[in-house]
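Colleague: below is the structure, and that's it, no one-letter string:
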Ligand code: AMP
């Protein structure tokens, strides 16, 4: 019997109150990544949702890298690493943004793909949407098109979708 990706996530998701600071309920998807069948199910789910629609997948540091690598392999497409500030060499684009806790900076190297390339953005958790929105701005400034967003878990009460703009957002589980 094939277990749907959402069921794997519901079964394996771990939640930690007051981490990394008081008031935050931290959602840990590492147990999903650590289960071979579950990991494959979430990669297949995200790849299938946007099949044929993207030339590249952009993973956001760090857990988004795991998803982007799997999707890139499954879909045989290019993989972009959207990194935290100060880690990329050469000419980089930078976006500052606010997090559910604190603020952050994301960067993307320029000139990795042809102009107009269709990019799927992936990450583990969609919270306030600031991280994905900043990534979408980087993709646009680099000359590419964001065709969609794929995340494993959406924290619906934070309404991150409202910050993302027009790109479709696919989430495997919404809590
Ligand atoms: P946001 O920009 O608020 O949508 O935050 C999304 C990023 O922060 C993702 O890369 C998540 O990994 C991480 N994140 C934010 N809130 C949480 C949470 N409650 N549990 C786990 N990760 C979170």
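Modeller: Sure, I can see it. All figures in this text were calculated on a predicted structure; none of them were measured in a lab.

Colleague: use CA for all of it now, contacts and neighbours both
Modeller: Will do.

Colleague: list the buried residues for stretch 29-39?
Modeller: Buried residues in stretch 29-39, counted by 16 or more other C-alpha atoms under 10 Å: 29, 31, 32, 33, 38, 39.

Colleague: so does it get close to the ligand?
Modeller: No. If you take C-alpha under 6 Å from any ligand atom as the test, stretch 29-39 misses the ligand, and the best it gets is 8.0 Å.

Colleague: could you give the separation of that stretch from the chain centroid?
Modeller: Relative to the chain's own centre, stretch 29-39 is displaced by 16 Å; criterion: C-alpha atoms, centre = their mean, to the nearest Å.

Colleague: residues in this protein within reach of the ligand, list them.
Modeller: Contacts of the chain with the ligand, taken as C-alpha under 6 Å from any ligand atom, map to 24-28, 99-100, 124-131.

Colleague: same thing but at 5 Å, please
Modeller: Residues of the chain found near the ligand (C-alpha under 5 Å from any ligand atom) are 26, 27, 99, 100, 125, 126, 127, 128, 129, 130, 131.

Colleague: redo these as a markdown table? Include secondary structure, distance to residue 59 and pLDDT.
Modeller: Output for these, formatted as a markdown table (DSSP: H, G, I helix; E, B strand; the rest coil; distance: C-alpha to C-alpha, whole Å; pLDDT from 0 to 100):
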| residue | secondary structure | distance to residue 59 | pLDDT |
| --- | --- | --- | --- |
| 26 | strand | 20 | 96 |
| 27 | strand | 18 | 98 |
| 99 | coil | 17 | 79 |
| 100 | coil | 19 | 65 |
| 125 | strand | 12 | 97 |
| 126 | strand | 13 | 97 |
| 127 | coil | 16 | 93 |
| 128 | coil | 17 | 92 |
| 129 | coil | 15 | 95 |
| 130 | helix | 15 | 94 |
| 131 | helix | 11 | 95 |
